[in-house]
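Q: have a look; sequence and predicted model below, questions after that.
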Amino acid sequence: MTDMGGQSQKVRILQVEDNAFDAELVLGELEQDGIEYDVRLVDHEEAYVAALDGFAPDIVLSDLSLPVFSGERALQILRERSSDIPFIFISATLGEEAAIEALRNGATDYILKHNTARLASAVRRALREAEEQRARVRAEQELIRAQRFESLALLAGGLSHDLRNLLQPLLLAGDTLEDYADDPRLARLGTLVRDCGRRGLEMVSSMLSFARGARRAEQVKLGALLEALNLLLQGSVPRTVKMEVDIFDRDVAFEGNHTELQQCLLNLCLNAIQAMPDGGTLRIETDLVSLPEDFFVDVEPAAPGRYLRLSVIDTGEGMSPDVLQRLFEPFFTTKAAGTGLGLLSCKRIVASHGGLMRVRSQVGEGTAFHLYLPLNAEDADHVEPQVMDASLQGEAERVLVVVEEAVQLSLLVDTLDAYGYQAGASQSGTAALQWIEAHGIPDLVVMDADMNLFTGVRTLAALLEHGYTGAVLLLARPDSPPNFDELPQLDHLYVIEKPVQSRGLLRKVREALDASEASR
C-alpha cells in the first residue's frame, strides 16, 4: 500500500480467527506476495470492536465460524460503522449460497482455506478499490462544494439589492421616530422596524447556513425547506419571471440534509431562470406519490413505495434530445461560463437520499425536473395543524430569555408572548443582569448554554448573586450537553435540546413554573 506521497506503508490487517495455525497460513500467503503488514488477531466481539476503534484497520480478514463469535456478526458490526473498509471471508465451510449471501450483506470477497492462492491478489484489489471509492467520495464532495460557491456568486448581487431595500425603511423609521416621539404611530413604526430587521436577519442566516453546509442527517420539514429556498432566490428572480410555489403540506418531514437539498433546488431554479431570458413562469410543485415497480428503469434499484415529489418547472427554451442525453455528463454545459457540475451535483445529492430524478423537456415549451425522495410510513403521515393549547397558556408570568443569536431570540420571545407570558429579551449575560436591575427578578429564565462572550455558567452564577432563585431552562445541543458539575447549585434546572420546538418549549416552561411555585 502507498500513501499520497508514493511512500510504501504497511497494511493494517484486522484478522478474526481462533486458530493460530490457520492465521499464520493466511499471513504467510501475503508475505510470499511481498505485502507488508501490521496485524491484530482477535477471536471475540469485544476485542474486535476495540480493534476497529484503536487499530483502525485497512482491511478485515475473517473466519466464518468461531466458538464465541461469527464472521457474519463481524461483518454486520463493520458495515454499521463504515462502508469503505474491505472485508474478506476466509473459511473452510463457506458454501456457494453462503458466499452469495455474504456478498449481498457487504462482504468484499471470500476465500476458501484450502485454496488461498488468490488471497494476496484479492487483498490488493480490495485495498485498491477501497482507495478509489474514497477518492470518488472526496471528489464528489469537492464538486458539491464548488457548485455551492458558484451558486453563491450568482446570488450575491440579488441578495445585496434585496437587503438594501429591506434596510431602507429602518433609516426612514429612525428619522420619523424623532419627529413623532409622542405620536400613536410610534407603535406601528416600531413594528415596521422589528419586522424589517428580522427579515434581513433571516436572509443572512439562510445565506450563512447555505454557505457552511450541513454535516449530518436531520429532520427536514418541507415548509422550512421551501421558505429557505424562497429567501435565497429573492432578488435573483427578474420581474419578467413569475414564481409560483405549491406546497401540499408544509408539515411533512423526512430525514435528509437540509442544506444539500436546498442547494439542489436552488441550482435547478437558477437554471430555469436562465432558460427564460424573455420571461416566463417558474413553478415549484410538491406532492405525495406512490411509485410502482415498473416506474424504475434498469439502472435504478426498484424500490416501490411512497415518495415526496419536488418539481421545478419552467416555461423556457427547453432542451433538444441531444442535450438531454448528455445532461448529467461531468463538465458538459451549454452555458458560456458554466462548469457543467450543477446538474451532476443535483443528481448525486438526490441519490444520496435514496431518491431519483426525472427530466422532461421540449424545445420551445420548457423543462420540468422531478425529484423523488423516499418517505417512511411515519414521514408520510400528515401532521395536524397546531392549535393553541389551553394547558400551555401563561398567566402573565415574567420570563427572561437570554440568547445571543438574534433571530432565535426574537422567535422565542414572540412564542412566549403569544401564549400569555411577559417575555424579556437579552443577548448576553451582562444584558440579562441589566434587565433584572431595571425590571426586577423574573419568574423564569430561559438561557442558551452555548453563549460565547459571557458563558451560561458565569451568567447563572451572576443571576444567583443578584438574588434569582427560580427555575432555569438551558437550551443545549444534543452533541454538547452541559457539564452539570460546572453549573451552580439550582433546585429546578431543565435542559431542552436544540433546535427548540415551540410546543416542547412551552410544555417545559409550564412544568418549570409549576414546580418552582410548588416548592415555595
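A: Happy to help now that I have it. Numbering: from 1, shown residues only.

Q: can you point me to the longest strand in this structure?
A: As assigned by DSSP state E, the longest strand anywhere in the chain is strand 280-291.

Q: what pairs with that one, parallel or antiparallel?
A: strand 241-246 (parallel), strand 305-314 (antiparallel) (DSSP bridges).

Q: contacts for the first one?
A: Translated: strand 241-246. With contacts defined as CB atoms under 8 Å, 6 or more residues apart in numbering, strand 241-246 is touched by 226, 230, 233, 237, 273, 276, 279-286. Where you see a C-beta, it was placed from the backbone N, CA and C, and this is true even at glycine.

Q: widest-spaced pair of those residues?
A: Gly279 and Thr286 (24.1 Å; CB to CB).

Q: what about those two, which has more around it?
A: Thr286 (20 against 12; other CB atoms under 10 Å).

Q: so that one is in contact with Ile247, correct?
A: Yes. The pair Thr286 / Ile247 is scored as a contact, 5.3 Å apart, by CB atoms under 8 Å.

Q: got any residues that touch both of those two?
A: By CB under 8 Å, 6+ apart, the residues touching both Thr286 and Ile247 are Leu222, Leu226.

Q: out of the contacts of strand 241-246, which is most surrounded?
A: In those, the most neighbours by other CB under 10 Å go to Leu282, 24 neighbours.

Q: in the chain, what helix or strand scores lowest on average pLDDT?
A: Ranking every helix and strand in the chain by mean pLDDT, DSSP states H and E puts helix 377-380 at the bottom, with a mean of 53.

Q: which residues in the stretch 1-150 of the chain form helices?
A: For the stretch 1-150 of the chain, helices defined by DSSP state H, counting those that start in this stretch occupy the ranges 20-32, 45-54, 71-81, 96-104, 119-179.

Q: which stretch in those has the least confidence?
A: Least confidently modelled of those is helix 119-179, at a mean of 69 by mean pLDDT.

Q: I'd assumed Leu308 was in contact with His370.
A: No. Counting by CB under 8 Å, His370 sits too far from Leu308 to count as a contact (10.9 Å).

Q: the two: which has the busier surroundings?
A: Leu308 (25 against 18).

Q: any idea which helix or strand carries the residue nearest to the more buried one when sequence neighbours are not counted?
A: Residue nearest to Leu308 in three dimensions, not counting chain neighbours: Leu373, with 4.7 Å by CB to CB, 6 or more residues apart in numbering. When elements are assigned from DSSP states H and E, Leu373 belongs to strand 366-374.

Q: what angle sits between that strand and strand 280-291?
A: 30 degrees (axes from the mean of the first three to the mean of the last three CA atoms, to 10 degrees).

Q: okay, now the sheet partners of strand 366-374, with direction.
A: When DSSP bridges is applied, strand 366-374 pairs with strand 305-314 (antiparallel), strand 356-362 (antiparallel).

Q: report the beta-bridge partners for Ala425.
A: Val401.

Q: which residues does it contact?
A: Contacts of Ala425 (CB under 8 Å, 6+ apart): Val401, Leu409, Ser410, Val413.

Q: most neighbours out of those, which is it?
A: That'd be Val401 among those, by other CB under 10 Å, with 28 neighbours.

Q: confidence score at that one?
A: Confidence score, pLDDT, at Val401: 90.

Q: distance of the residue lying closest to Leu75 once chain neighbours are set aside from Leu308?
A: The shortest distance from Leu75 to any non-neighbouring residue, by CB to CB, 6+ apart, is to Phe87 (5.4 Å). For Phe87, the distance to Leu308 equals 34 Å [CB to CB, to the nearest Å].

Q: could you do Gly223 as well?
A: 12 Å.

Q: how far does stretch 418-429 sit from the chain's center?
A: 29 Å (CA atoms, centre = their mean, to the nearest Å).

Q: end to end, how far does it reach?
A: 25 Å (CA to CA, to the nearest Å).

Q: pLDDT of it, averaged?
A: Here the average pLDDT along stretch 418-429 is 84.

Q: in that stretch, what's buried?
A: Buried residues in stretch 418-429, counted by 16 or more other CB atoms under 10 Å: Tyr419, Tyr421, Gln422, Ala423, Gly424, Ala425, Ser426, Gln427, Ser428, Gly429.

Q: show me those residues that map onto strands.
A: Gln422, Ala423, Gly424, Ala425, Ser426.

Q: which ones are touching the third one?
A: Residues in contact with Gly424, defined by CB under 8 Å, 6+ apart, are Arg398, Val399, Leu400, Val401, Val413, Trp435, His439, Pro442.

Q: compare those and tell me which is most surrounded.
A: That'd be Val401 among the contacts of Gly424, by other CB under 10 Å, with 28 neighbours.

Q: I'd guessed it sits against Gln427; true?
A: No. Counting by CB under 8 Å, Val401 stays clear of Gln427, with 9.6 Å between them.

Q: and for these two, which residues touch both?
A: Joint contacts of Val401 and Gln427 (CB under 8 Å, 6+ apart) are Leu409.

Q: could you check the angle strand 422-426 makes with the helix or strand where Ser410 lies?
A: Taking DSSP H and E as the definition, one finds Ser410 inside helix 406-418. Angle, helix 406-418 to strand 422-426, by the same axes, to 10 degrees: 170 degrees.

Q: same for helix 406-418, what does it pack against?
A: helix 185-212, strand 398-402, strand 422-426, helix 502-518 (3 or more CB pairs under 8 Å, 6 or more residues apart in numbering; DSSP states H and E).

Q: one more time with 7 Å
A: helix 185-212, strand 398-402, strand 422-426 (3 or more CB pairs under 7 Å, 6 or more residues apart in numbering; DSSP states H and E).

Q: retrieve the pLDDT associated with the closest residue to Pro304 other than its chain neighbours.
A: Closest residue in space to Pro304, ignoring its immediate chain neighbours: Glu293 at 4.6 Å, by CB to CB, 6+ apart. Confidence at Glu293, expressed as pLDDT, is 86.

Q: again with Leu490
A: 71.

Q: and what of the one 3 residues further on?
A: pLDDT, the model's per-residue confidence, is 84 for Leu493.

Q: touching, it and Val472? I think so.
A: Yes. Contact criterion CB atoms under 7 Å: Leu493 and Val472 qualify, at 5.3 Å.

Q: the more surrounded of the two?
A: Val472 (26 against 16).

Q: ramachandran angles for the more buried one?
A: phi -130, psi 130 (degrees, to the nearest 10).

Q: that one touches Asp443, doesn't it?
A: No. Applying CB under 7 Å as the test, Val472 and Asp443 come out as separate, 11.5 Å apart.

Q: quick one: the ones in strands among the buried residues of stretch 418-429 as TSV, columns for distance to Arg358 too.
A: Below are those laid out as TSV (distance: CB to CB, whole Å):
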residue	distance to Arg358
Gln422	53
Ala423	48
Gly424	52
Ala425	47
Ser426	51
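
Q: and which of these is nearest to Val60?
A: Distances from Val60 to those, taken by CB to CB, are shortest for Ser426, at 53.8 Å.

Q: who are the contact partners of that closest one?
A: Leu400, Val401, Val402, Ala432, Trp435 (CB atoms under 7 Å, 6 or more residues apart in numbering).
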